[in-house]
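Student: For reference, the sequence and a predicted model appear below.
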Amino acid sequence: MVMASKKNRYTTQGNVAYKVEVEDKKKVKKVEKPKKNTNQNIKAKLKVLRFIVFMFGLTIFTLSRFVLIYNMNTELRDLKHQVKQIQKENENLQVSLAVRNNIKKIEKDAVNKYNMVNPKAEDVKFVDVKLLSSVEEKKVTAYKLFQKFVGFIH
């Protein structure tokens, strides 16, 4: 039996890849786009910048209005709260006034503390008092006399 050596059985020596020949591609010159005018770029940037500034101003204005409205609402709430407190105080004062305005209690205090007496019918006298306006109407001024005199002439 003949045996072959296993040495170098599946090994190859060197490069087994195909040798690819690269053809020189024609160098294509890139067509350069004409440069835009820098003035147009600046104008476009200014336009965008103006828009951004306008939007910023608009948002600041809107937010300031919301803050103003919020402050007015808080003031309104505080004023309503104060009104409620004052109304409660007013009701309490009216109740205390009603207690003190009891005529029977006033009469009792007048009789006991100040020794006052209820008047009798024969002790009561009525006096006729003329109003000041009726007294003033009777006064005749020089101007009125002059008007009457002129009235007689015509």
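Tutor: That came through fine.

Student: Now do the same for Lys47: helix, strand or coil?
Tutor: Recorded secondary structure, Lys47: helix (DSSP: H, G, I helix; E, B strand; the rest coil).

Student: likewise Lys30?
Tutor: Look at Lys30: counting by three-state DSSP, its state is coil.

Student: list the contacts for Val53?
Tutor: By C-beta atoms under 8 Å, 6 or more residues apart in numbering, no residues touch Val53. C-betas here are computed from N, CA, C, even on glycine.

Student: State the pLDDT value of it.
Tutor: Predicted confidence (pLDDT) for Val53: 97.

Student: in what helix or strand does it lie?
Tutor: Assigned by DSSP states H and E, Val53 belongs to helix 38-100.

Student: Then Met116?
Tutor: Residue-wise, Met116 maps onto no helix or strand under DSSP H and E.

Student: Where does the prediction get shaky in this protein?
Tutor: Residue ranges of the chain with pLDDT under 70: 1-29, 34-37, 131-140, 152-154.

Student: Quick check: the gap between the most centrally placed residue in the chain and Thr59.
Tutor: Residue closest to the average C-alpha location in the chain (C-alpha atoms, centre = their mean): Ile69, at 1.8 Å. Here Ile69 is placed at a distance of 16 Å from Thr59 (C-beta to C-beta, to the nearest Å).

Student: Can you tell me what sits against the next helix or strand after the helix holding Val53?
Tutor: Going down the chain from helix 38-100, the next helix or strand is helix 103-114, by DSSP H and E. Contacts to helix 103-114, defined as C-beta under 8 Å, 6+ apart, come from residues 116-117.

Student: and helix 103-114 with helix 38-100, angle?
Tutor: For helix 103-114 against helix 38-100, the angle by axes from the mean of the first three to the mean of the last three C-alpha atoms, to 10 degrees is 60 degrees.

Student: Please export the C-alpha coordinates of helix 103-114 as CSV.
Tutor: Below are the C-alpha coordinates for helix 103-114, written out as CSV (Å, rounded to 0.1, in the frame of the first residue of the first chain):
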residue,chain,number,x,y,z
ILE,A,103,-87.3,100.3,72.9
LYS,A,104,-88.5,98.6,76.1
LYS,A,105,-84.9,98.2,77.3
ILE,A,106,-84.2,101.9,76.5
GLU,A,107,-87.3,103.0,78.4
LYS,A,108,-86.4,100.8,81.3
ASP,A,109,-82.9,102.3,81.5
ALA,A,110,-84.2,105.8,81.2
VAL,A,111,-86.6,105.3,84.1
ASN,A,112,-84.2,103.4,86.4
LYS,A,113,-80.8,105.2,85.7
TYR,A,114,-81.9,108.8,84.9
